[in-house]
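Asker: Could you work out the structure for the sequence below:
(chains A and B)
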Protein chains: 2
Amino acid sequence: MSTALLTDHYELTMLAAALRDGTADRPCVFEVFARRLPEGRRYGVVAGTGRLLDAIRDFRFGEAELDVLERTGVVDDRTLAWLADYEFTGEVDGYPEGELYFPGSPVLSVRASFGVGVVLETLALSILNHDSAIASAAARMVGAANGRRMIEMGSRRTHEEAAVAAARAAYLAGFTATSNLEAGRRHGIPTAGTCAHAFTLLHDSEEEAFRSQVEALGADTTLLVDTYDITNGIELAVRAAGPGLGAVRIDSGDLGVLARQAREQLDSLGAKNTRIVVSGDLDEYSIAALRAEPVDSYGVGTSLVTGSGAPTAGMVYKLVEVDGRPVAKRSSHKESRGGRKGALRKHKDTGTSLEEVVFPFDHQPDLDEHDRLLQVPLLRGGQPAGEVATLAQSRERLRAALVSVPWEGLKLSRGEPAIPTTFL
Amino acid sequence: MSTALLTDHYELTMLAAALRDGTADRPCVFEVFARRLPEGRRYGVVAGTGRLLDAIRDFRFGEAELDVLERTGVVDDRTLAWLADYEFTGEVDGYPEGELYFPGSPVLSVRASFGVGVVLETLALSILNHDSAIASAAARMVGAANGRRMIEMGSRRTHEEAAVAAARAAYLAGFTATSNLEAGRRHGIPTAGTCAHAFTLLHDSEEEAFRSQVEALGADTTLLVDTYDITNGIELAVRAAGPGLGAVRIDSGDLGVLARQAREQLDSLGAKNTRIVVSGDLDEYSIAALRAEPVDSYGVGTSLVTGSGAPTAGMVYKLVEVDGRPVAKRSSHKESRGGRKGALRKHKDTGTSLEEVVFPFDHQPDLDEHDRLLQVPLLRGGQPAGEVATLAQSRERLRAALVSVPWEGLKLSRGEPAIPTTFL
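Answerer: Numbering: from 1, shown residues only, chains lettered A, B, ... in the order given. Here you go, the predicted structure:
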């Protein structure tokens, strides 16, 4: 499917004017960056790069796209003809998916003629802003869960396609599985599920519901025990599945107290290996608050898919260089730094990160052994510049990057970015 | 394209167990409602119904969907065979798109066998929760704008497909146009655009950029005047386009002060009909704060597509009736009311709404002349129950519904729902 119309009207009218006056061919550099992190956040996680590369490949104007542009008169015939031949032919460098970013980090650099580059603005930002917002929130939750299993189950709380991307971003950030079947199909993410209250209510008794589920799915299934009375539910659950019951889920109430009671009861019933899954409006703070409780898995929905208070990453796509000279908006607000940039991260001997250094691309500082350049080539002549990172590789990259964050930066409390950004 | 996998894993495993034990055929009623409105909100706007009806039609398991379910072992062969024949054959009633809703309003009732109805949970909620959240925020912005033009331009701040749905929801709520070209194509919404700073920066001077834009798009275009210096920018803009210049856009700074200065300057240059468009992190509060200023149009992005603090409507899809008897979760938290329900809205003689009354479907109260039943038939035997409302009709419905809201309910300040909900 073409992604070409997932674009703002003004990209194409700017293109039309630039084609007419000859500036559309000027070599340009566009840069994606966030002026700041969401309030109080210590780091951001770059996500969506893999999806963006696919979307750029599919950014082609076929008959259906051209017809509507012609019929609605958005652009003139010259522009229609140009778009009919469109194919991204430029160079893209960027922070790889799973890398951390900070205010001003040049997470993506697009080098192309103005016409070729300007039309990607909306699409690039849609993907990076959404996916990075979700991954950034998810990473905090994974940290709060401290190694326990995390199941993403927020599809019902966000747009049906955003749900698939959110599941992908959550997995990138370390979630164990998703409830979303399309995310399983499209991105190879493990899917998982428990059971809804509807299934218990459908049956003549809770016991019948449990027996049916165990017969269909095996004793290793997860039984939802809070439809009527949790204590009774747990007793019936172990009776139905035996002490080999996989897990019980508790979806409401004081989850800490209930988890403790459930653990004691399960142990007393001999179901010592039965796991406890909790869910119900969890976010990074409530997950952290449950750290001392006997919880084995968290099911997280709403707060994950809405970025836990920061549903968009606020990245912008700015023209920073034309014909080799830096350009920047100069009025009093929202100033930008002109010129193509590179970035490196400095580290202590211990590997702890110290500082994000953003430099003019042509003036790269000498690197010491603990400095790491952050941009990698993504597209060359419009084609993938080598192997595209798999989701598993990006997941591992983030895991490693988070290890390098100073401990203050991993705190959930609001504060400054974990490391400062220095602009050379 | 099939929507069948935009579904949670557990819907299908519940189905598998219910097919095995024979309960999958039990006649059921599922209800969609919101337990509460987002904090401080006075009303909600139902949106997404039209998209949902299309998505239900496309909820079919083809070879691609069945293959992945078989390969990953999500369900057994019996269930695969059942899904291969799946087609929604039930009855759906609901609040029409553009209707207001309040806590507990039964915005959708799905009547079908358990198996046929349960699998739609995730898809129905994804669409209604997203679109209703956006439309609810958008309606407040449109109210704050008090009749001035509103352009939706938030695509870059949300998932690329959510952007298309957000544009639709904003238009439903009274926005004038969207920047999103795909929303124009798919939903027939007028598209509009101005110009980005990149276009000015691309050129050797602001004046050249303005002249180019006017030559390509005509004097009626909108020139972005805040790249360097607004006063100088306006002077150059009128010089380039003449006093017939369509509009200027200001995207940063103290928009109220700048709009006043711009109006004076435009008038002094003879451009008395040149409109002023403002943009830049606007939400309903900043739009309202500009009410006394000479602003002609607002461009709204981030706050619109993120629901202005409430990115999801929090609706749930609950099984309320099995085999004609009411069912409900009974543990201490998140209680639900069992049984199929209807709803009516009571009004004063003046037409002002007074109360939302939710009643057991079989005990509909006598209606007086100012009572209005809220649910309408949407699907019968899986097929549209008459003409599906057009987006224009839903837009008009909302406009009329908002006229009936008590004036306190239209205030932007946080407070209780505009009318109480009474459960009979």
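Asker: how about the residues of the stretch 201-350 of chain A near chain B?
Answerer: By the rule C-beta under 8 Å from any C-beta of the partner chain, the part of the stretch 201-350 of chain A lying against chain B is A:201-203, A:208, A:212-213, A:215-217, A:226-230, A:251-253, A:280, A:302, A:305-307, A:311-312, A:314, A:317-319, A:322, A:327-334. Where you see a C-beta, it was placed from the backbone N, CA and C, and this is true even at glycine.
Asker: Any of these buried? List them.
Answerer: Under a neighbour-count criterion of 16 or more other C-beta atoms under 10 Å in any protein chain shown, the subset of these counted as buried comprises A:201-203, A:208, A:212-213, A:216-217, A:226-228, A:230, A:251-253, A:280, A:302, A:305-307, A:311-312, A:314, A:317-319, A:322, A:327-329, A:331, A:334.
Asker: Go ahead and name everything in contact with stretch A:345-352.
Answerer: Residues from elsewhere that reach stretch A:345-352, judged by C-beta atoms under 8 Å, 6 or more residues apart in numbering or on different chains: A:353-357, A:368, A:370-372, A:374, A:403-406, A:419.
Asker: Can you give me the buried ones in it?
Answerer: Within stretch A:345-352, the residues scored as buried using 16+ other C-beta under 10 Å are A:345-347, A:352.
Asker: how far does it stretch from start to finish?
Answerer: As for stretch A:345-352, its first-to-last residue distance stands at 10 Å under the measure C-alpha to C-alpha, to the nearest Å.
Asker: tell me the mean pLDDT over it?
Answerer: In this model, stretch A:345-352 has an average pLDDT of 96.
Asker: Tell me where the stretch 1-150 of chain A has helices.
Answerer: Under the criterion DSSP state H, counting those that start in this stretch, the stretch 1-150 of chain A contains helices at A:9-21, A:49-57, A:63-71, A:77-84, A:114-118, A:121-145.
Asker: so of the ones you listed, which one's packed in deepest?
Answerer: Looking across the helices of the stretch 1-150 of chain A with neighbours counted as mean count of other C-beta atoms under 10 Å in any protein chain shown, the highest average goes to helix A:121-145: a mean of 28.
Asker: Contacts (any at all) between chain B and that one?
Answerer: Yes - Helix A:121-145 comes into contact with chain B (C-beta under 8 Å from any C-beta), by way of A:121-123, A:125-127, A:129-130.
Asker: thinking residue A:374 is in contact with residue A:344, fair?
Answerer: Yes - counting by C-beta atoms under 8 Å, residue A:374 touches residue A:344, with 6.2 Å between them.
Asker: and the closest residue to residue A:14 other than its chain neighbours, how many neighbours?
Answerer: Excluding its sequence neighbours, the residue lying closest to residue A:14 (C-beta to C-beta, 6 or more residues apart in numbering or on different chains) is residue B:199, at 4.6 Å. Each residue near residue B:199 was counted by other C-beta atoms under 10 Å in any protein chain shown, and the total is 27.
Asker: what secondary structure does residue B:199 sit in?
Answerer: Look at residue B:199: counting by DSSP: H, G, I helix; E, B strand; the rest coil, its state is helix.
Asker: any weak-confidence spans in chain A?
Answerer: Low-confidence segments of chain A, defined by pLDDT under 70, span residues A:331-335.
Asker: quick one: furthest residue from the center of it?
Answerer: Outermost residue of chain A with respect to the C-alpha centroid, by C-alpha atoms, centre = their mean, is residue A:204; its distance is 41.9 Å.
Asker: can you tell me which helix or strand that one belongs to?
Answerer: Residue A:204 belongs to no helix or strand when elements are defined using DSSP states H and E.
Asker: Check residue A:303 too.
Answerer: helix A:302-305.
Asker: Take whatever helix or strand comes next after that helix, keep the C-alpha atoms, and write them as PDB.
Answerer: Moving toward the C-terminus from helix A:302-305, the next helix or strand (DSSP H and E) is strand A:315-322. As requested, C-alpha coordinates have been extracted for strand A:315-322 and formatted as PDB (Å, rounded to 0.1, in the frame of the first residue of the first chain):
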ATOM      1  CA  MET A 315      10.200  15.600  17.300                       C
ATOM      2  CA  VAL A 316      10.400  18.100  14.400                       C
ATOM      3  CA  TYR A 317      11.800  17.800  10.900                       C
ATOM      4  CA  LYS A 318      13.800  20.900  10.100                       C
ATOM      5  CA  LEU A 319      15.600  22.100   7.000                       C
ATOM      6  CA  VAL A 320      19.100  22.900   8.300                       C
ATOM      7  CA  GLU A 321      21.200  23.100   5.200                       C
ATOM      8  CA  VAL A 322      20.700  24.400   1.600                       C
END
